[in-house]
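S.K.: Got a sequence here, can you build the structure:
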Amino acid sequence: MTHNLVAALRPLLTAEASAEAHASGTEANDLEQAVWLRLLEHLQEDGPPRDPHDWLRSAVRSEARRSRRTTSFERPYDIEPVDDLDRDPEQLVLAAARRRALREAVGRLPGRCPRLMEALLSPKDLTYREIAGELGISQGSLGPERSRCLGCLRRLLAPEVATREPRG
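M.R.: Residues are numbered from 1 along each chain as shown. Predicted coordinates:
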């Protein structure tokens, strides 16, 4: 039943997402992914929609509105990096060692995590859209993939990171 519903809705979703994507400032694939997720949630909670075509059109428009609202709140990160001149040599050496340990750990990550983390750590300050294009994945997949990669990185670095001193 679910497979038939997905097969029947796929062409309509592709067309609707393509039509709404440009106006919402997002990619059609990201809209499609969000609507598929919404459909799965709906199927789990309420079963199949009564009128799948109307439900799908409404879901695409709703996701496009959500994307427009989210995009309107996003601002570029334009703060200059902190100058290292006011730190003493010991702090500089320790910071360099931490950066080196981070880069080595990134190289040991599984799958496409090393490429993703290198793009995120790039001095070019790439946007999610640029990173997604560089890696050949949808922009909507980037957040979950980043979270998974950061979890792996956290586990790799856990033995190497010293416990912080208590504050206060």
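S.K.: show me where pLDDT drops low in the protein?
M.R.: Per-residue confidence of the chain (counting by pLDDT under 70) places the weak regions at 1-2, 76-86, 160-168.
S.K.: Can you give the domain ranges for it?
M.R.: Structural domains annotated on the chain: 2-73, 84-157, as defined by automatic domain parsing.
S.K.: how about JSON lines for the ones you listed, with mean neighbour count added?
M.R.: In this view, the C-beta of every residue, glycine as well, is placed from N, C-alpha and C. Formatted as JSON lines, the entries for the domains of the chain read as follows, by neighbours: other Cβ atoms under 10 Å:
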{"stretch": "domain 2-73", "mean neighbour count": "15"}
{"stretch": "domain 84-157", "mean neighbour count": "14"}
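S.K.: center of the chain, which residue is that?
M.R.: residue 143 (1.7 Å; Cα atoms, centre = their mean).
S.K.: give the contact list for it.
M.R.: Contact analysis of residue 143 by Cβ atoms under 8 Å, 6 or more residues apart in numbering lists residue 128.
S.K.: Is it inside a helix or a strand, and which specific one?
M.R.: Secondary-structure assignment from DSSP states H and E places residue 143 in helix 139-157.
S.K.: chain center to that helix, what's the gap?
M.R.: Computed by Cα atoms, centre = their mean, to the nearest Å, the chain-centroid distance of helix 139-157 equals 9 Å.
S.K.: go on, stretch 134-151?
M.R.: Distance, centroid of stretch 134-151 to centroid of chain: 5 Å (Cα atoms, centre = their mean).
S.K.: how much space between the closest residue to residue 112 other than its chain neighbours and residue 62?
M.R.: Counting by Cβ to Cβ, 6 or more residues apart in numbering, residue 135 is the residue found nearest to residue 112 once chain neighbours are left out, at 6.5 Å. With distances defined as Cβ to Cβ, to the nearest Å, the gap from residue 135 to residue 62 amounts to 28 Å.
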